[in-house]
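Visitor: sequence unknown, structure follows:
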Ligand code: M6R
């Protein structure tokens, strides 16, 4: 995820671009850049690091001109560096581009363009767009952008300027956000209205597969064939700080709602429901090696550890291979059995958690090959591993992890299916069924997010209770632990995740009318056992909230409150179960009052032991 911006008008563009990029930095901050045009010449300034580094670099030599574009980057293709920073240009420096998204067919396009004589100076997917537009440019930049956009696969919001047409900015979109801000004698383009709200509240949202040409006094929207499209102008009611959060009160809530998109981004280009195939180009492990592995060891902390718990169930069942899971903080102080036949899977949203990095090194020293699953391109976990699988969740700002967790699960499921295919432990027709089911998860996540009145009602009823017990069996034990962690960290309430079958060995003593139990009771092979566990809690005057599968009427006679989610295979259900648990934690914390995005005593990335 990156932030893009464009300005055309009568004022100096650069200060406006820098101000707007500051509002977009939440979308990524690996590098920043601007391009400002003056008398048909474009001055590009960019550098690695936060926006502050760019500001320092241009402070005494600000590029002048009243037309410009800017970018703040969250690296996906090519690590953070000056060369990979946006804007990118074509061979002649006539066409300048900023981009948010991932161009999936960039390698194939790059090869073809190189063969035609184009020279590339970065490792990014974006640079392909600049050269493709150059190839099609024939005196009309709007047409060239549309022709190029038609050839791109993946997601993009592109903002483009051309020295030959110094009175306009052209932009095109597919899947990545793009909005036009309409001022008086000046116009803006951006990923997010927050970046121009101090100038105008009139906005036009650009749809997928459309392009827009903006001058200082006009804008026109077309499809990629040039057919005009009429658009409505929206009046933005938010204040500027709300706008950075896309209108959500907290980043956590925004990130919860981003999960359908994040899951789609994470699957795109890797999983094919039609063929039942999974491709994992970053994995970097030969089939021979995968066949030779005799155990997998997962290393992670916190929420990422819960993802590894769910993965143990999934991988052992789909791949018939032994999986050990370790808290990274524990691994280094014992003598774990790791050798050349161990595949270590390191999971870390930030890729910088010290305990996890130490665990990664320990695994390598013992001869294991290491694959990192991380959200941050170029992070330590990515750099030090033999292979990397990125979760394309985009920056996670709230301390409580939400979209990172569900995208980690998604990557782990794809890894399980990939290994299962190579080891021949899943029949091709079953693999197809699993892929189809995974493919449908984002839509099912949307269904949950479109209406969660039942979660709000439960939170409003139980937020004053003395504590929560999350109980589950099977793979959703991971969900129980994750649900309890979420509520602990943002509402400071006592909460425990427990295996339902273990309740009778101790925790059931805690049950009384002031203690609420959240039971993971989706359709599963242990459904009946869960019903019995709910009965046991009810018999001790405990209140029960059940997370259940749509259409399950029986559960109503067992639980005090039911939160329904769409049906999926039990093995994939933790992705959907996580969402009401995140929303529940959020709503309870909101009712109780703590600082949701930055809870006390915690840090987003823990780089100490
Ligand atoms: O960046 P990492 O995934 O390595 O972080 C691990 C934990 O610190 C993290 O998941 C933490 O538990 C979250 N705040 C939980 O919401």
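Guide: Structure received. Please read these numbers as outputs of a predicted model, since none were measured by experiment. Residues are numbered from 1 along each chain as shown.
Visitor: Close to the ligand: what parts of the protein are there?
Guide: Counting by Cβ under 6 Å from any ligand atom, the chain comes close to the ligand at 301-304, 348-350, 353, 356, 399-401, 485, 489, 605-606. All C-beta spots, glycine's among them, are computed from the backbone N, C-alpha and C.
Visitor: count of residues packed around residue 157?
Guide: By other Cβ atoms under 10 Å, the residues close to residue 157 number 24.
Visitor: what is it paired to in the beta sheet?
Guide: Listed beta-bridge partners, residue 157: residue 100, residue 173 (assigned using DSSP bridges).
Visitor: How about the contacts made by it?
Guide: By Cβ atoms under 8 Å, 6 or more residues apart in numbering, the contact list for residue 157 reads 4, 99, 100, 101, 171, 172, 173, 176, 177, 178, 191, 206.
Visitor: who's in contact with the last one?
Guide: Contact criterion Cβ under 8 Å, 6+ apart gives 157, 171, 173, 178, 179, 180, 212, 221, 231 as the residues in contact with residue 206.
Visitor: Would you convert these into a markdown table that also reports pLDDT, distance to residue 494 and secondary structure?
Guide: Listed next are the contacts of residue 206 as a markdown table, based on pLDDT from 0 to 100; distance: Cβ to Cβ, whole Å; DSSP: H, G, I helix; E, B strand; the rest coil:
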| residue | pLDDT | distance to residue 494 | secondary structure |
| --- | --- | --- | --- |
| 157 | 94 | 44 | strand |
| 171 | 98 | 50 | strand |
| 173 | 95 | 47 | strand |
| 178 | 92 | 45 | coil |
| 179 | 93 | 43 | strand |
| 180 | 97 | 49 | strand |
| 212 | 98 | 52 | strand |
| 221 | 98 | 54 | strand |
| 231 | 94 | 51 | coil |
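Visitor: any idea which of the residues you listed is the one closest to the ligand?
Guide: Of all those, residue 157 has the smallest distance to the ligand: 27.1 Å, by Cβ to the nearest ligand atom.
Visitor: if we can go back for a sec, inside helices: which ones of the residues of the chain next to the ligand?
Guide: Counting by DSSP state H, these place 302, 303, 304, 356, 485, 489 in helices.
Visitor: so which of those residues is the most crowded?
Guide: Counting neighbours by other Cβ under 10 Å, the top entry in these is residue 356, with 30 neighbours.
Visitor: Okay, domains of this protein per the record?
Guide: With domains defined by automatic domain parsing, the chain comprises 3-244, 254-437, 451-592.
Visitor: could you dump those to JSON lines with distance to residue 444?
Guide: Shown next, in JSON lines, are those (distance: least, Cβ to Cβ, whole Å):
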{"stretch": "domain 3-244", "distance to residue 444": "19"}
{"stretch": "domain 254-437", "distance to residue 444": "9"}
{"stretch": "domain 451-592", "distance to residue 444": "4"}
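Visitor: quick check: mean pLDDT across stretch 590-602?
Guide: Stretch 590-602 carries an average pLDDT of 87.
Visitor: ok, now stretch 428-445?
Guide: pLDDT averaged over stretch 428-445 gives 97.
Visitor: Name the residues of it that come out as buried.
Guide: 431, 432, 434, 435, 437, 438, 439, 441, 442, 444, 445 (16 or more other Cβ atoms under 10 Å).
Visitor: Residues contacting it, please?
Guide: Here stretch 428-445 makes contact (Cβ under 8 Å, 6+ apart) with 259-261, 263-264, 267, 271-273, 275-278, 318, 406, 410, 413-414, 417, 420-421, 426, 565-566, 568-569, 571-572, 575-576, 579.
Visitor: still on that earlier bit, can you name the two of the ones in helices among the residues of the chain next to the ligand that are farthest apart?
Guide: In terms of Cβ to Cβ, those reach their longest pairwise distance at 356 and 489, which sit 17.9 Å apart.
Visitor: Wait, residue 101 touches residue 156, no?
Guide: Yes: using Cβ atoms under 8 Å, residue 101 is in contact with residue 156, at 3.9 Å.
Visitor: Residues in contact with both of these two, list them for me.
Guide: 174, 175, 176.
Visitor: with those in mind, which one is nearest to the ligand?
Guide: residue 176 (24.4 Å).
Visitor: thinking again about what came up before, inside helices: which ones of the contacts of stretch 428-445?
Guide: Per DSSP H, helices hold the following members of the contacts of stretch 428-445: 259-261, 263-264, 267, 318, 406, 410, 413-414, 417, 420-421, 575-576, 579.
Visitor: quick one: least confident helix or strand in this protein?
Guide: Lowest by mean pLDDT, DSSP states H and E among the helices and strands of the chain is helix 240-244, with a mean of 65.
Visitor: List phi and psi for the residue of the stretch 401-550 of the chain at minimum distance from the ligand.
Guide: Relative to the ligand, the nearest point of the stretch 401-550 of the chain is residue 401 (3.7 Å; Cβ to the nearest ligand atom). Main-chain dihedrals, residue 401, degrees, to the nearest 10: phi -80, psi 130.
Visitor: where are the low-confidence patches of this structure?
Guide: Low-confidence segments of the chain (pLDDT under 70): 1, 238-243, 607-609.
Visitor: Can you name the residues that contact the closest residue to the ligand within it?
Guide: Proximity of the chain to the ligand (Cβ to the nearest ligand atom) peaks at residue 302, 1.9 Å away. Residues in contact with residue 302 (Cβ under 8 Å, 6+ apart) are 401, 485.
Visitor: Next one: it from residue 471, what distance?
Guide: Residue 302 sits at a distance of 20 Å from residue 471 (criterion: Cβ to Cβ, to the nearest Å).
Visitor: Equivalent analysis for residue 442, please.
Guide: Separation of residue 442 from residue 471 (Cβ to Cβ): 28 Å.
Visitor: what are the ranges of the helices in the stretch 201-350 of the chain?
Guide: For the stretch 201-350 of the chain, the helices defined by DSSP state H, counting those that start in this stretch occupy 240-244, 251-257, 259-267, 287-292, 302-319, 328-331.
Visitor: Is it possible to get a markdown table of those helices that adds distance to residue 123?
Guide: Output for these, formatted as a markdown table (distance: least, Cβ to Cβ, whole Å):
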| stretch | distance to residue 123 |
| --- | --- |
| helix 240-244 | 29 |
| helix 251-257 | 28 |
| helix 259-267 | 20 |
| helix 287-292 | 26 |
| helix 302-319 | 27 |
| helix 328-331 | 30 |
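Visitor: Out of those helices, which is closest to residue 95?
Guide: Residue 95 lies closest to helix 259-267 among the helices of the stretch 201-350 of the chain, at 26.7 Å (Cβ to Cβ).
Visitor: buried set for the closest one?
Guide: For helix 259-267, by 16+ other Cβ under 10 Å, it's 259, 260, 261, 262, 263, 264, 265, 266, 267.
Visitor: and stretch 205-216, how far apart are its ends?
Guide: Distance between the boundary residues of stretch 205-216 (Cα to Cα, to the nearest Å) amounts to 18 Å.
Visitor: chain center to that stretch: distance?
Guide: Taking Cα atoms, centre = their mean, to the nearest Å, one finds stretch 205-216 lying 25 Å from the centre of the chain it belongs to.
Visitor: Please point out which parts of that stretch sit buried.
Guide: So stretch 205-216, judged by 16+ other Cβ under 10 Å, has buried residues 206, 210, 211, 212, 213, 214, 216.
Visitor: which two in these are spaced the farthest apart?
Guide: Every pair of the buried residues of stretch 205-216 checked by Cβ to Cβ; the farthest is 210 and 216, at 21.1 Å.
Visitor: so residue 345 sits right up against residue 297, yeah?
Guide: Yes: between residue 345 and residue 297 there is a contact under Cβ under 8 Å: 7.3 Å.
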